[in-house]
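Engineer: I would like to see how this sequence folds:
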Amino acid sequence: MSLSEIFLLVVRWLHLASAAAWVGGSIFYLIVLRPTLRRSPEASRLISATAATEFRALVDTCVYVLIATGVILTLNRLTPGVVGAPYVIALGVKIALSVWMFALAWSRRKRTSVMDAFRAPQAPASTPFSKLLRAISGYNTIVILGLIVFLLSDLLKTLFELALR
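Structural biologist: Just a heads-up that it's a prediction; the model follows:
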């Protein structure tokens, strides 16, 4: 195994590990932490703020690693000229969805706990449309997009292997 192959192996591993940590952490938040915090409102604010601070640091690290490794992997796959239009289109969609995820993660930070404290609590709307809208917004959107990006990654791997044949 050459030095360049070892380098690309490490880059792919860092890319995958960062994506898994971010998306997996988001899934943990949605399925485990958020429901638990809703059951104990007295502890919710402190735990939520502390968890958010720690998770924010993880997400920041993951985003920077994903951008750096993503650029390297993209250049590695596109420069030999063996991939076709389907690969480039799927890669473009993956990049666009990833940028959307980054934007969602960073935009959620603009809301501060002070703003949340002064916001009047609202009862969740119970119409089917409002339930659907709530299900596909915020952290849910990040998880949905993350899972789609994972699917596109697998598609890209398959398309690249087919192009090599």
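
Engineer: all contacts plus neighbour counts: C-alpha atoms, from now on.
Structural biologist: Fine.

Engineer: Tell me the secondary structure of Ser126, please.
Structural biologist: Secondary structure assignment for Ser126 (DSSP: H, G, I helix; E, B strand; the rest coil): coil.

Engineer: OK, contacts around it?
Structural biologist: Ser126 sits next to no residue when contact means CA atoms under 8 Å, 6 or more residues apart in numbering.

Engineer: any idea how far Leu132 is from it?
Structural biologist: To Leu132, Ser126 is 10 Å away according to CA to CA, to the nearest Å.

Engineer: which one's the longest helix in this protein?
Structural biologist: Using DSSP state H to define each element, the chain has its longest helix at helix 41-78.

Engineer: Remind me what that one packs against, helices and strands.
Structural biologist: The helices and strands touching helix 41-78, judged by 3 or more CA pairs under 8 Å, 6 or more residues apart in numbering; DSSP states H and E, are helix 3-28, helix 34-39.

Engineer: mind checking which of those helices is nearest Leu66?
Structural biologist: helix 3-28 (5.4 Å; CA to CA).

Engineer: could you give the mean pLDDT of the closest one?
Structural biologist: Averaged across helix 3-28, the pLDDT comes to 96.

Engineer: Now do that helix against helix 41-78, angle only.
Structural biologist: Going by axes from the mean of the first three to the mean of the last three CA atoms, to 10 degrees, helix 3-28 is angled at 150 degrees with respect to helix 41-78.

Engineer: buried set for helix 3-28?
Structural biologist: Judged by neighbour count (16 or more other CA atoms under 10 Å), helix 3-28 contains these buried residues: 11-12, 14-20, 22-27.

Engineer: Point out where the chain drops to low pLDDT.
Structural biologist: Residues of the chain meeting the criterion pLDDT under 70: 109-125, 134-136.

Engineer: From the centroid of it, which residue is nearest?
Structural biologist: Residue closest to the average C-alpha location in the chain (CA atoms, centre = their mean): Gly146, at 4.4 Å.

Engineer: any idea of the angle the helix or strand hosting that residue forms with helix 3-28?
Structural biologist: In this structure, Gly146 sits in helix 139-164 according to DSSP states H and E. Relative orientation of helix 139-164 versus helix 3-28 (the same axes, to 10 degrees): 150 degrees.

Engineer: Please shift the residue numbers so they start at 20 in all later answers.
Structural biologist: Taking 20 as the first residue, the last one we looked at is helix 158-183.
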